[in-house]
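1. the following block contains a protein sequence and its predicted model.
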Amino acid sequence: MEINAVFEGGGVKGISLAGAVEATERAGRTFKRVAGTSSGSIIASLLAAGYDGKEMSRIIRGTSFTAFLKRAPVYNTPIVGPALRVITKKGLYSGEALESWIHGILQKKGIVTFSDLPRGKLSIIASDITNGRILVLPEGLEEYGISPDHFEVAKAVRISCSIPYFFDPVMLRLSGQAAKGKSFMEQFVYLVDGGLLSNFPLWLFDEKKEGAKSPAGIPTVGYQMIGKAAPQPHKITGPFSMLEAMVETMLSAHDERYIEQEKFVRSVKISTLGIATTEFNITPAQSDALYAAGVKAGEDFFREWRPR
């Protein structure tokens, strides 16, 4: 049975999503269209490229996520270095290492740009903070004068994973008619983590575009990471701690009303074992535990779920 799948963002906790994918495949489900935000976009892109749950497991176990946290030595000076980098680069880390990593993995399956995938197979959520709106990649790029087909999938994943002030935002330059009449500076837009505006875009495949036919009989299943610790007060001592508190609040709270309305009836709910979004230095044992939590959640869900 085919399903459409939407994967929530959650930083390093996204390891658990790969376990849920394996359980989904064991239950005899196959993926038609896939979408994701932040770490969910990594899982979605791997699925779209043809990786299965077991292959994802091997990739994850062979990856040191701290390798994504690269910056020039000058920015490693205690206190001053990180602050200077945020001021000059707008992030603690560049995000280039993450993009290179996912590029290499996708390329092994022959996937570089969105033209290498079936049209509509993969959707990735980003936040356009210049214009204050959700951007669905790749189709949304047309409004920027950029060809969706020629845009690199790895670049889209990097954009969706660019947690504000943790990774650098990605700048795109408008082209063609979109740039006409704009000054040089007005031709650039800043894009960041899709979780800023929609961390769990369960709505994506429910929306019907004018003149488009919705695929009949293909239900959408969401993959959501739950079990967050109770909100803790943020100690705000300056502008950087205030920004950190703001970003963490936005990433964790904004989709809760929508999920409550859906009553979780079509969501695989995965325990994240209290692991934080940016806890990139997790141990192999924690990684294995997250993966196992995903497998269990998927098995529990598909044992009971009946599409409506």
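-> Yes, it's here. Worth saying up front: this structure is predicted, and the values here are computed from it rather than measured.

2. all helices of the stretch 101-250 of the chain, in order?
-> All helices of the stretch 101-250 of the chain, identified by DSSP state H, counting those that start in this stretch, fall at 153-160, 239-253.

3. contacts only, for the closest residue to residue 71 other than its chain neighbours.
-> Spatial nearest neighbour of residue 71, excluding adjacent residues (CB to CB, 6 or more residues apart in numbering): residue 93 at 5.5 Å. C-beta: built from backbone N, CA, C; applies to glycine. With contact set as CB atoms under 8 Å, 6 or more residues apart in numbering, residue 93 has these partners: 68, 69, 70, 71, 166, 167, 168.

4. filter those to the buried ones?
-> Buried subset of those (neighbour count, 16 or more other CB atoms under 10 Å): 68, 69, 71, 166, 167, 168.

5. residue 95 contacts residue 157, correct?
-> No - counting by CB atoms under 8 Å, residue 95 stays clear of residue 157, with 9.9 Å between them.

6. quick check: which ranges of the stretch 1-150 of the chain have low pLDDT?
-> Scanning the stretch 1-150 of the chain for pLDDT under 70 picks out nothing.

7. at 90 instead, please
-> By pLDDT under 90, the low-scoring segments of the stretch 1-150 of the chain are 1, 9-15, 53-54, 56-95.

8. do the same with the stretch 201-308 of the chain
-> 201-218, 225-267, 271-288, 304-308.

9. try 80
-> Along the stretch 201-308 of the chain, the parts satisfying pLDDT under 80 run over 206-217, 227-265, 274, 276-280, 307-308.

10. measure the residue nearest to the spatial centre of the chain to residue 127 for me?
-> Nearest residue to the geometric centre of the chain (CA atoms, centre = their mean): residue 38, 1.7 Å. Distance from residue 38 to residue 127, counting by CB to CB, to the nearest Å: 10 Å.

11. what of residue 45?
-> 18 Å.

12. now do residue 156
-> Using CB to CB, one gets 13 Å for the distance from residue 156 to residue 127.

13. pick out whichever of these two has more residues nearby.
-> residue 156 (29 against 26; other CB atoms under 10 Å).

14. quick one: contacts for that one?
-> So residue 156 contacts 41, 45, 114, 124, 126, 137, 138 (CB under 8 Å, 6+ apart).

15. isn't there a strand covering the first one?
-> Think residue 41. No - using DSSP: H, G, I helix; E, B strand; the rest coil, the secondary structure at residue 41 is helix, not a strand.

16. I'd say it and residue 125 touch.
-> Yes - using CB under 8 Å, residue 41 is in contact with residue 125, at 7.0 Å.

17. need the overlap of contacts for those two.
-> Contacts common to residue 41 and residue 125, judged by CB under 8 Å, 6+ apart, are 9, 160, 194.

18. let's have those in TSV, adding neighbour count.
-> Listed next are the shared contacts of residue 41 and residue 125 as TSV, based on neighbours: other CB atoms under 10 Å:
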residue	neighbour count
9	31
160	30
194	31
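
19. so which of those residues is the closest to residue 282?
-> residue 9 (16.8 Å; CB to CB).

20. can you pull out the strands in the stretch 101-250 of the chain?
-> Applying DSSP state E, counting those that start in this stretch to the stretch 101-250 of the chain gives strands spanning 122-128, 133-137, 165-167, 170-173, 188-193, 220-226.

21. most tightly surrounded among these?
-> Among these, the stretch with the highest mean neighbour count (mean count of other CB atoms under 10 Å) is strand 122-128, at a mean of 27.

22. show me the contacts for the nearest residue to residue 158 once chain neighbours are set aside.
-> Leaving aside its chain neighbours, residue 158 sits nearest to residue 99 (3.9 Å; criterion: CB to CB, 6+ apart). Neighbouring residues of residue 99 by CB under 8 Å, 6+ apart: 154, 155, 157, 158.

23. what do you get for residue 25?
-> Residue 25 makes contact with 52, 53 under the criterion CB under 8 Å, 6+ apart.

24. extract the C-alpha trace of the helix or strand hosting it and format it as CSV.
-> Using DSSP states H and E, residue 25 falls within helix 15-26. In CSV, the C-alpha atoms belonging to helix 15-26 read as follows (Å, rounded to 0.1, in the frame of the first residue of the first chain):
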residue,chain,number,x,y,z
ILE,A,15,17.8,9.7,13.8
SER,A,16,14.6,8.2,15.2
LEU,A,17,12.8,8.9,11.9
ALA,A,18,15.0,6.4,10.1
GLY,A,19,13.9,3.7,12.5
ALA,A,20,10.3,4.6,11.8
VAL,A,21,10.9,4.3,8.1
GLU,A,22,12.2,0.8,8.6
ALA,A,23,9.1,-0.2,10.6
THR,A,24,6.9,1.3,7.8
GLU,A,25,8.6,-0.8,5.2
ARG,A,26,8.2,-3.9,7.3
